[in-house]
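Peer 1: This is a predicted model, with the sequence first.
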Amino acid sequence: MTYCVGMLVEDGLALIGDTRTNAGVDNISTYRKLHITEVPGERVLGVATAGNLSVTQTALAMVAEGLKLPDCEVPETLLTARTLFRAAQLIGQAVSQVRAQLAPQMQAEAVNTEATILLGGQIGDGKLGLYLIYAQGNFIECGVETPYLQIGEFKYGKPILDRALRHGTPLEEAVKLGLISFDSTIRSNIAVGAPLDLLVLRRGVLKGFQRRIEPDDTYFRDLGRHWSEALAAAHRGMPAPPWLINGA
C-alpha cells in the first residue's frame with residue numbers, strides 16, 4: 001500500500017508520495033512512487049502511483065517508450081503530449097492495456113490488478129491541472145470546491161485536508177497540511193512510510209521544486225511533534241461533556 005496526495009490551490013500545485021512497498025510486515029522495501037518529467041520552461045509533470053506495482057511500472061514504461069492513441073498514428077509520450085489532458089489520456093490508455101494483458105494470469109493467482117495514478121503539472125501556456133486516473137483508464141479533474149486528490153491509504157490524512165485546505169490556501173500552507181496528513185497516516189498505518197518525495201510547482205512558473213524528505217528530516221519530525229502537541233492542547237481546552245459532569 002502507499003499514500004499519495006496532490007493539492008491544487010490558487011498559488012500552484014504540490015504532489016507528495018511515500019516510498020514504502022510491502023508484502024507483509026517482514027518484507028518491506030522502498031520504491032519511488034512520484035515520477036517527474038520536466039523540461040524547464042516548457043513542461044513540468046508529476047505522476048504519483050498507487051496499487052499493483054507491476055501494473056503501474058509497466059504502464060509508465062509504455063508511455064515512456066511511446067503509445068498510440070486511437071485518434072493518432074504517431075506514438076506519443078509525456079514529453080510530446082500537447083496538453084495535460086492528452087497526457088492523462090496516454091496514462092489512462094496504458095493502465096487499461098496493461099491490466100487487460102495481465103488480468104487473466106493475475107486473477108488466476110488471486111492477485112489484485114487495481115492501480116490508481118495522480119497526474120499533475122503544466123504544459124506550455126496550458127492551464128495548471130491535476131487528474132486522478134483510475135484502473136479502467138478513465139479519469140477525473142481536480143476542482144476548486146475540493147482542491148485535492150488522494151490515492152492509496154488516504155483515510156487517515158483526508159480529515160485534515162477536508163477541514164483546513166481551501167483553494168485560496170497559500171501554497172506553503174498547502175504543503176504543510178499535506179505533510180501533516182502524511183505524519184498522521186504514517187502513525188496509523190505501517191504500510192505507509194518515509195522517505196517522502198515532494199514536487200512543488202508555482203502557477204505560471206514552468207520549473208518545479210523537488211525534495212526528498214527522509215525519516216530524520218528535522219522539519220518533518222518537528223512538524224509531527226508540534227501537531228501532536230497542538231492537538232493535545234486543543235482537546236484539553238475544550239469543555240467536558242456537560243452530561244458527564246457531577247458524578248455522571
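Peer 2: Sure, I can see it. Numbering: from 1, shown residues only.
Peer 1: Going by C-alpha atoms from here, please, whenever you check contacts or count neighbours.
Peer 2: Fine.
Peer 1: At which residues are the strands of this structure located?
Peer 2: Along the chain, counting by DSSP state E, strands occupy 3-8, 12-17, 20-22, 28-30, 34-39, 43-51, 115-123, 129-133, 139-141, 148-152, 196-202, 209-213.
Peer 1: Residue 77: which of those strands is closest?
Peer 2: Of all these, the one in closest proximity to residue 77, counting by Cα to Cα, is strand 34-39 (10.3 Å).
Peer 1: and that closest one, which residues are buried?
Peer 2: For strand 34-39, burial by neighbour count (16 or more other Cα atoms under 10 Å) applies to 34, 35, 36, 38.
Peer 1: that older thread, now the strands of the chain as CSV including distance to residue 159 and mean pLDDT?
Peer 2: Listed next are the strands of the chain as CSV, based on distance: least, Cα to Cα, whole Å; pLDDT from 0 to 100:
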stretch, distance to residue 159, mean pLDDT
strand 3-8, 13, 98
strand 12-17, 17, 98
strand 20-22, 22, 78
strand 28-30, 26, 69
strand 34-39, 23, 97
strand 43-51, 20, 97
strand 115-123, 19, 97
strand 129-133, 19, 98
strand 139-141, 20, 98
strand 148-152, 12, 97
strand 196-202, 20, 98
strand 209-213, 23, 97
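Peer 1: could I get these as a markdown table with distance to residue 59?
Peer 2: Output for the strands of the chain, formatted as a markdown table (distance: least, Cα to Cα, whole Å):
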| stretch | distance to residue 59 |
| --- | --- |
| strand 3-8 | 18 |
| strand 12-17 | 18 |
| strand 20-22 | 18 |
| strand 28-30 | 19 |
| strand 34-39 | 13 |
| strand 43-51 | 10 |
| strand 115-123 | 10 |
| strand 129-133 | 12 |
| strand 139-141 | 15 |
| strand 148-152 | 17 |
| strand 196-202 | 20 |
| strand 209-213 | 23 |
